[in-house]
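Engineer: got a predicted structure here, sequence first:
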Amino acid sequence: MAGESRSPRLPVAEATTGRRIGPILITRNLQIDDWPAFWPLLRAMGTDDDEGTAEARYGRLLGDPAWGILGALDGGRLVGYAAVQDYGTHLRIGDLHRMARLHDLYVDPVARGQGVGRALMSAVEGWASGRVRYVVWQARRGTSAGFYERLGYRGEAVPQPDYLTFTLEGRR
Ligand SMILES: CC(C)(COP(=O)(O)OP(=O)(O)OC[C@H]1O[C@@H](n2cnc3c(N)ncnc32)[C@H](O)[C@@H]1OP(=O)(O)O)[C@@H](O)C(=O)NCCC(=O)NCCS
């Protein structure tokens, strides 16, 4: 993806709508047909499953409204994804503190450092807005935690010394 004419920060489309506001990078909900391009990213992020097992689950979760599986496409090529899950209504307090977890954020190594991760986090914020109050996730100190801090999120120490917990408070 590091084309010679490419500007260092790619123009980005808005949230999960798929609406293109720049000529190069868009984010949108992934679809069944994205599987062949998605599988290498999922495998690189880490799964012990064979492709058939992973694909069947992908298809099931795409149809589950609790899940957001968001992709970033550079000139039509899938270069990253985010996966987030709405934990739903609480038995006692309803939707007051409704929470989602960011399970995965992954950018193809050749596409890193060009704003793709930032665009995906913007898509996650768009997905969360109006749906949940909080999105939480953990990130390892010294690796990805610095990325989230660079974007302005603040991590808190947790019992696991190597990790920070981040919380994004959205609008409901
Ligand atoms: C972490 C990751 C998603 C970042 O994606 P990316 O597309 O390279 O990030 P961006 O280009 O959007 O970077 C946005 C900003 O964060 C900075 N940044 C990126 N990675 C960083 C890191 N590890 N530490 C500190 N800053 C970082 C960039 O320099 C950029 O800063 P700028 O706005 O001043 O230019 C990517 O490196 C990745 O997929 N890593 C492997 C999987 C992973 O660790 N996922 C997170 C699991 S919690």
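Structural biologist: Noted; the coordinates are in hand. What you see is a predicted model; the values in this text were computed from it and never measured.

Engineer: if I look at D86, how far off is the ligand?
Structural biologist: According to Cβ to the nearest ligand atom, to the nearest Å, D86 and the ligand sit 18 Å apart. (Glycine included, C-beta is placed from N, CA and C.)

Engineer: next one: phi and psi at that residue?
Structural biologist: Phi and psi for D86, reported as degrees, to the nearest 10, are phi -80, psi 120.

Engineer: what's across from it in the sheet?
Structural biologist: Counting by DSSP bridges, D86 forms beta bridges with A100.

Engineer: what about it, how many residues nearby?
Structural biologist: As a burial measure, D86 scores 19 neighbours (other Cβ atoms under 10 Å).

Engineer: mind listing the helices for the protein?
Structural biologist: For the chain, helices defined by DSSP state H occupy the ranges 35-45, 51-62, 116-128, 145-150.

Engineer: which one of those helices has the most crowded surroundings?
Structural biologist: Of all those, helix 116-128 has the most neighbours on average by mean count of other Cβ atoms under 10 Å, namely a mean of 23.

Engineer: show the average pLDDT along it.
Structural biologist: For helix 116-128, mean pLDDT rounds to 97.

Engineer: how about that helix and the ligand, touching?
Structural biologist: Yes: interface with the ligand: helix 116-128 contributes 116-118 (Cβ under 6 Å from any ligand atom).

Engineer: ok, of the residues you listed, which one's closest to D104?
Structural biologist: Using Cβ to Cβ, G117 comes nearest to D104 of the residues of helix 116-128 next to the ligand, at 11.8 Å.

Engineer: who's in contact with the most far-flung residue of the chain relative to its centre?
Structural biologist: Centroid-distance maximum for the chain: R92 at 29.1 Å, with Cα atoms, centre = their mean. Contact analysis of R92 by Cβ atoms under 8 Å, 6 or more residues apart in numbering lists nothing.

Engineer: same question, the one 4 residues further on
Structural biologist: The contact partners of L96, taken as Cβ under 8 Å, 6+ apart, are 90, 133.

Engineer: what's the pLDDT at it?
Structural biologist: Note on L96: pLDDT of 95.

Engineer: need the CA coordinates for stretch 58-70. PDB is fine.
Structural biologist: C-alpha atoms of stretch 58-70 as PDB (Å, rounded to 0.1, in the frame of the first residue of the first chain):
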ATOM      1  CA  TYR A  58     -18.000 -14.800  10.700                       C
ATOM      2  CA  GLY A  59     -21.200 -15.300   8.700                       C
ATOM      3  CA  ARG A  60     -23.100 -15.900  11.900                       C
ATOM      4  CA  LEU A  61     -21.800 -12.900  13.700                       C
ATOM      5  CA  LEU A  62     -22.300 -10.600  10.700                       C
ATOM      6  CA  GLY A  63     -26.000 -11.300  11.100                       C
ATOM      7  CA  ASP A  64     -25.900 -10.700  14.900                       C
ATOM      8  CA  PRO A  65     -26.900  -7.100  15.600                       C
ATOM      9  CA  ALA A  66     -24.800  -7.100  18.800                       C
ATOM     10  CA  TRP A  67     -21.600  -7.400  16.700                       C
ATOM     11  CA  GLY A  68     -19.900  -4.700  14.700                       C
ATOM     12  CA  ILE A  69     -17.300  -6.100  12.300                       C
ATOM     13  CA  LEU A  70     -15.800  -3.000  10.600                       C
END
